[in-house]
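[1] would you be able to build a 3D model of this:
(chains A, B, C, D, E and F)
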4 protein chains.
Amino acid sequence: MPEKTAKNHDVTEKSTINHRTIVGQNRRTKTRTRIIEGALQVFAEKGPDAPVIDDFIQASGIARGTFYNYFDNTAELLSATSDWLADDVANAIEAEVSRIKNPVVRHGVAIRLFMKKAQSEPTWCRFIATIWFQKGFAIDGPMRDIQLGIDSGDLSCPSAECGWDLTFGTLRQVMIRLLKQPELIKTDYVDQIIDTILIGLGVTSTLRKEIFSYEWPKLRPTKTLARI
Amino acid sequence: MPEKTAKNHDVTEKSTINHRTIVGQNRRTKTRTRIIEGALQVFAEKGPDAPVIDDFIQASGIARGTFYNYFDNTAELLSATSDWLADDVANAIEAEVSRIKNPVVRHGVAIRLFMKKAQSEPTWCRFIATIWFQKGFAIDGPMRDIQLGIDSGDLSCPSAECGWDLTFGTLRQVMIRLLKQPELIKTDYVDQIIDTILIGLGVTSTLRKEIFSYEWPKLRPTKTLARI
Amino acid sequence: MPEKTAKNHDVTEKSTINHRTIVGQNRRTKTRTRIIEGALQVFAEKGPDAPVIDDFIQASGIARGTFYNYFDNTAELLSATSDWLADDVANAIEAEVSRIKNPVVRHGVAIRLFMKKAQSEPTWCRFIATIWFQKGFAIDGPMRDIQLGIDSGDLSCPSAECGWDLTFGTLRQVMIRLLKQPELIKTDYVDQIIDTILIGLGVTSTLRKEIFSYEWPKLRPTKTLARI
Amino acid sequence: MPEKTAKNHDVTEKSTINHRTIVGQNRRTKTRTRIIEGALQVFAEKGPDAPVIDDFIQASGIARGTFYNYFDNTAELLSATSDWLADDVANAIEAEVSRIKNPVVRHGVAIRLFMKKAQSEPTWCRFIATIWFQKGFAIDGPMRDIQLGIDSGDLSCPSAECGWDLTFGTLRQVMIRLLKQPELIKTDYVDQIIDTILIGLGVTSTLRKEIFSYEWPKLRPTKTLARI
DNA sequence: AATGAATGAGAGTTCATTCAT
DNA sequence: GATGAATGAACTCTCATTCAT
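    Next up, the predicted model:
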């Protein structure tokens, strides 16, 4: 009816509605981002189960009810936080290593980058080590590269699963160690253990040298939470 | 209390009291054992944080109030359960490997035994993989053996910590995989990955052959909870 | 507000404002109607207390804030819905029975019409049976007719209240039964019980025959919500 | 084990356990009774949906958590309260009318008793009128008696359902009226309307006289909540 | 007038802990 | 020492209401 009787208002009204919609969406995105940013800290500090709703609303400065406008419970928030993080780390690393052709070198550089991030961002490190692995969230790039390495004969481990367990099982343990012994962060402990892993995977010393000769720009810090 | 008041009594009565005391202690031990037996199951199923007192009293068939006669809270129970388990596994493995002289072979056989247990006792495996490692409970035999191996030149890894992280980080990941893919239990996946670990540690093929040539009796099952 | 400010404007502007005012009022009426239409369904389904604001805005497709432009709370909406319904049913029945001169026959035909509506419109029936009676909303035509019947000697019940309780208490129970046993709708259960009521009221068989000999057009369905 | 080592304690211990069990059960019964007693008041005052847990725990003077040791939610409490009440009223009336042989007289006397109770116990009356009927809780004595009356030819209504709707639909409406107009309680309004109902059911004046000639002791008051 | 994100009081529910028996 | 009913603090979740756009 309004469309008919107030034809001259159509444009105004329509644009108003569009404007409102856009404003509303921006607001929602911003709030969602705030909640996840806060949640990352909270989960990293308290683990996956201990936090209560109050922790999240305090960390993000929102109202109790607002939380439930975005997530049904803490499990869902954990999942959203993890998803975002998986996306973030996969993209950040992928962006750096995609130009490397040899899958074994690519894998080696990728896990070096992965650990660099762990060394420079303790919150991220704690979240990954204590929550991500435990909940079984996964990224598939490494699995693929290990398989390619086996196929090409550059890796000698019995299976891709075997290689994956050796790589990430060890790295997780290292991350836990870094959290407890932060003095190790500045040492070359991480590179030593990565070398040990690569030896276990059967990587030749030539390739290992190549892996450790790479220089790279720092990965963009997670804090940004640019995409959502 | 009985110890004090007993002093005023004659022989007959004293022996009665002693008898009562002994009976009471047996009873205490038995109840404590029941609680820990139940707790092992509960923790393995639900993880370290989720369980509530009710889970424990149901699992062990005791009354609500009785729980508090033995433990102040679930954290204490978790700790007691873990302690018992650490003791149990350390003793069981130690008993088998102590006669092996070479520390590297001893280490290799020890972790094979460790994983045999994981393969044959799922509850134990789940508890170790999800709780023990997370809470950082430790056994020191392996650390010592790795160090001895480095000192003797039979291991080439940069440090004992490095060797420990590689070994147990990987094994933990394997245990998690076994829980998710039980069909792997019957395969030689575990021995393959142990071999890969040993390669990573720089163990010669001669020593590796020795490690895999060992035959042993099954470790006594944990269920017994003999000592407490 | 517009009425006041309009005074200071010239004719052209005034008519524009009038136009706007009229458009606005139409819009208001339409929205109000939408809300009440939705509310009728909601109340019938969930009863008077259970519904929450969300139910109403979903049923009518309006925004959360819009609701409060029309009603302060659900109680007010319930009242408005009931008022509208009372008006509707009273008018609809009145239009049919006003030409009948004998008050007892008029009462008899009126309650037959009332129940016809209940039989053909389940939502209406549910609303009336579960909410209207409970909240004590009333229509006075029947009360007047029963009194007139007593005065004329065509009814033998002790008092008008007594007749009213017998009539509408029973009819309400029948409506509840129809909701539970919809298979009765197509039977003559309703006419049988109306006959039983009339016997209780002391109506002669002659008058009862007259009441049941009436033919009528279906009452206009409530859905229209024509007036507001 | 204790059974063996402390044979002489068997009796003592067993009796202790029995004693404890009995004491515990008594306690439970007492608390459950307290809750239902309070709930009856609360439901009668506020209806079936409005009350919150706090109302119940205040009315019965128990702790918040205790409520949940007995009922999972208010709906369950409502059901328990209604069940108890149905039992109570059915038994109380049955005890009085069972000696009456003629089912029609029995029905008539039963509903007189029913309404006596409504007149003397306002809480009971309010609960029955606003909750019981609404929730469709039923007692089957009356239904049976009406059917027997139809079979014997002492009732002329078309079906037992019809008779039931007329009887209890009307009585419910009367109860609601009594709550609003308590001044009617002392009048013979109730007996008048019962007579009107009986006329509707086709009861002869002889039988109606018999029904109204009965004298009875007051029904035991509900408050007691003797059985549970 | 319409919108819908944000709010926070209040309701429901859990569960560690106490204590009389 | 064992029991389990009672407790209430702490937590989760709902939903009426406000208000900037």
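[2] which residues of chain A lie near DNA strand E?
    Within chain A, the positions adjacent to DNA strand E are A:20-21, A:24, A:27-28, A:30-31, A:62-66, A:68-70 by Cβ under 7 Å from any atom of the strand. Every residue, glycine included, has its C-beta placed from N, CA and C.
[3] now the most centrally placed residue in chain A: how far from chain D?
    Chain A has A:L85 as the residue nearest its centroid, 3.0 Å off, counting by Cα atoms, centre = their mean. Distance, A:L85 to chain D, using Cβ to the nearest Cβ, to the nearest Å: 38 Å.
[4] thought A:R126 was touching that residue, still the case?
    No. Using Cβ atoms under 8 Å, A:L85 is not in contact with A:R126, being 11.8 Å away.
[5] can you give me the neighbour number for A:E76?
    If you count neighbours by other Cβ atoms under 10 Å in any protein chain shown, A:E76 ends up with 11.
[6] ok, now A:G202?
    Neighbour count of A:G202, defined by other Cβ under 10 Å: 19.
[7] need the contact list for it.
    Residues near A:G202 by Cβ atoms under 8 Å, 6 or more residues apart in numbering or on different chains: A:L155, A:S156, A:C157, B:I199.
[8] give me the nearest residue to it, chain neighbours excluded.
    Using Cβ to Cβ, 6 or more residues apart in numbering or on different chains and skipping the chain neighbours, the partner closest in space to A:G202 is A:S156 (2.9 Å).
[9] same question for A:R28.
    In space, and not counting its chain neighbours, A:R28 is closest to A:Y70: 8.0 Å by Cβ to Cβ, 6+ apart.
[10] how about A:F133?
    Distance criterion Cβ to Cβ, 6+ apart; nearest residue to A:F133, sequence neighbours excluded, is A:R172 at 5.0 Å.
[11] how about the helices in chain A?
    A:2-5, A:10-46, A:53-60, A:64-70, A:74-97, A:103-120, A:122-127, A:133-135, A:141-152, A:160-164, A:170-180, A:189-200, A:205-213 (DSSP state H).
[12] reformat those as JSON lines; add mean pLDDT and distance to DNA strand F.
    Output for the helices of chain A, formatted as JSON lines (pLDDT from 0 to 100; distance: least, Cβ to the nearest atom of the strand, whole Å):
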{"stretch": "helix A:2-5", "mean pLDDT": "36", "distance to DNA strand F": "17"}
{"stretch": "helix A:10-46", "mean pLDDT": "79", "distance to DNA strand F": "4"}
{"stretch": "helix A:53-60", "mean pLDDT": "97", "distance to DNA strand F": "3"}
{"stretch": "helix A:64-70", "mean pLDDT": "97", "distance to DNA strand F": "3"}
{"stretch": "helix A:74-97", "mean pLDDT": "91", "distance to DNA strand F": "6"}
{"stretch": "helix A:103-120", "mean pLDDT": "95", "distance to DNA strand F": "28"}
{"stretch": "helix A:122-127", "mean pLDDT": "93", "distance to DNA strand F": "19"}
{"stretch": "helix A:133-135", "mean pLDDT": "81", "distance to DNA strand F": "17"}
{"stretch": "helix A:141-152", "mean pLDDT": "96", "distance to DNA strand F": "34"}
{"stretch": "helix A:160-164", "mean pLDDT": "96", "distance to DNA strand F": "34"}
{"stretch": "helix A:170-180", "mean pLDDT": "96", "distance to DNA strand F": "24"}
{"stretch": "helix A:189-200", "mean pLDDT": "98", "distance to DNA strand F": "36"}
{"stretch": "helix A:205-213", "mean pLDDT": "96", "distance to DNA strand F": "44"}
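[13] quick one: A:C162 and B:Y189 touch, right?
    Yes. Taking Cβ under 8 Å as the definition, A:C162 is a contact partner of B:Y189 at 7.3 Å.
[14] show me what contacts A:K180?
    Going by Cβ under 8 Å, 6+ apart, A:K180 touches B:G136.
[15] can you give me the distance of it to DNA strand E?
    Using Cβ to the nearest atom of the strand, to the nearest Å, one obtains 27 Å as the distance from A:K180 to DNA strand E.
[16] how close does that residue get to A:D195?
    Relative to A:D195, A:K180 is positioned 22 Å away (Cβ to Cβ, to the nearest Å).
[17] of the helices of chain A, which is nearest B:W216?
    helix A:160-164 (23.5 Å; Cβ to Cβ).
[18] please name every helix or strand in contact with the closest one.
    Helix A:160-164 makes packing contacts with helix A:141-152, helix B:189-201 when contacts are defined by 3 or more Cβ pairs under 8 Å, 6 or more residues apart in numbering or on different chains; DSSP states H and E.
[19] what sits up against it?
    A:142-143, A:146-147, A:149-150, A:155, A:157, A:201, B:177, B:189, B:192-193, B:196.
[20] please apply the same query to stretch A:142-155.
    A:102-104, A:106-107, A:110-111, A:156-157, A:159-160, A:163-164, A:167-168, A:201-204, A:207.
[21] what about that stretch, distance to the chain center?
    With Cα atoms, centre = their mean, to the nearest Å as the basis, stretch A:142-155 stands 23 Å off its chain's centre.
[22] just the C-alphas of that stretch, formatted as CSV.
    Provided in CSV are the C-alpha atoms of stretch A:142-155 (Å, rounded to 0.1, in the frame of the first residue of the first chain):
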residue,chain,number,x,y,z
PRO,A,142,50.4,-30.5,5.7
MET,A,143,48.8,-33.9,5.2
ARG,A,144,48.7,-33.3,1.5
ASP,A,145,52.4,-32.2,1.3
ILE,A,146,53.6,-35.2,3.4
GLN,A,147,51.8,-37.6,1.0
LEU,A,148,53.3,-35.8,-2.0
GLY,A,149,56.8,-36.1,-0.4
ILE,A,150,56.3,-39.8,0.1
ASP,A,151,55.2,-40.2,-3.4
SER,A,152,58.2,-38.4,-4.8
GLY,A,153,60.6,-40.4,-2.6
ASP,A,154,61.8,-37.3,-0.7
LEU,A,155,60.2,-38.7,2.5
